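*Asks:* what follows is a predicted protein model with its sequence.
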Amino acid sequence: MRIWAHRGCSQRYPENTILSFEKAAAIKGLTGIELDIQLTKDGHMVVIHDERVDRTTDGIGDVGGFTLAELKKLRIPAGNGRTECIPTIEEVLELLTPNFRDGFQLNIELKNNNYPYEGMEEKIVSLAAEKGLQRNIVYSSFSALSLEKLRRLDPEAQIGILDWKVSDCLFKARGGCGADALHPFWRAMDLPAERLRGYTVRAWLTGHLYPETPTGNRLDLAALEETGITDVFLNEPEMYCGER
Ligand code: G3P
Ligand code: CA
């Protein structure tokens, strides 16, 4: 089972922050990090999950309603009086440069299924090319149209289609959205494993995020593999790496 850090190490540290990515980058044996991008009012790619800043920062409003300079003033509580800020994708790529040399992967989810963020595909594909990171990046989205566009922009890109059921992922991939991997919810494996043979199936989970207390619950990764899952996005990757 390949293990990814979902929004960084997001159970013990605030999700999608440089702190959570630093912790993940230091884990031995981790396949990669997953994060979410959106566009600011002035067209910068920033790393944040929700379309609004309310849940994770001390601000209120839509991500797309702020300029980058305005967003950078918002604080994300990180414990013991410390704070983080919303990173740009460029800052995360910079942080991960040493990891990328060893084949480390970054799953960039384009959060564009609610707001279509015009031009985000062009911006991220061109940044990846400029940095020479095409082989390190996996793009994903719940928007099949966005993935179709990404595939046109980079015919060699690694692309995963996000959906709830694995059957919906599979049929969208076969239907021409351009995805070469399936990204279903881990509890929605509604096809027998034989039908998924040959596919990379990266499953996502919901669950506990900082500042909630870790539950101590453990997943049975071997049982998940039997359902056809090849990779998992975990909030607590540090608890599983090394046990494969
Ligand atoms: O990419 C998998 C997963 O991150 C999708 O769900 O809501 O955590 O972005 P969400
Ligand atoms: Ca995500």
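*Replies:* Yep, that arrived. Numbering: from 1, shown residues only. Ligands and ions are numbered 1, 2, ... in the order given.
*Asks:* okay, now residue 79: neighbour count?
*Replies:* For residue 79, the neighbour count with other C-beta atoms under 10 Å is 12. Where C-beta positions appear, they are placed from N, C-alpha and C, glycine not excepted.
*Asks:* longest strand in the protein, by residue count?
*Replies:* The longest strand of the chain (DSSP state E) is strand 32-39.
*Asks:* ranges for the strands of this structure?
*Replies:* So, for the chain - with DSSP E - the strands run 2-6, 32-39, 45-47, 76-77, 83-84, 105-110, 137-141, 158-162, 181-183, 200-204, 231-234.
*Asks:* please tell me how far residue 132 sits from ligand 1.
*Replies:* From residue 132 across to ligand 1, the span is 24 Å (C-beta to the nearest ligand atom, to the nearest Å).
*Asks:* distance-wise, check that residue relative to residue 52.
*Replies:* 34 Å (C-beta to C-beta, to the nearest Å).
*Asks:* of all the strands of the chain, which one is nearest ligand 1?
*Replies:* Nearest to ligand 1 among the strands of the chain is strand 200-204 (3.3 Å), distances taken as C-beta to the nearest ligand atom.
*Asks:* residues of this protein that sit close to ligand 2?
*Replies:* Counting by C-beta under 5 Å from the ion, the chain comes close to ligand 2 at 36, 109.
*Asks:* how about low-confidence regions in the chain?
*Replies:* Where the chain drops to pLDDT under 70, the residues are 242-244.
*Asks:* where's the spatially closest residue to residue 58 that is not a sequence neighbour relative to residue 41, distance?
*Replies:* Among residues not flanking residue 58 along the chain, residue 75 sits closest, at 5.0 Å (C-beta to C-beta, 6 or more residues apart in numbering). Separation of residue 75 from residue 41 (C-beta to C-beta): 19 Å.
*Asks:* same check, this time on residue 216
*Replies:* The gap separating residue 216 from residue 41 is 42 Å, by C-beta to C-beta.
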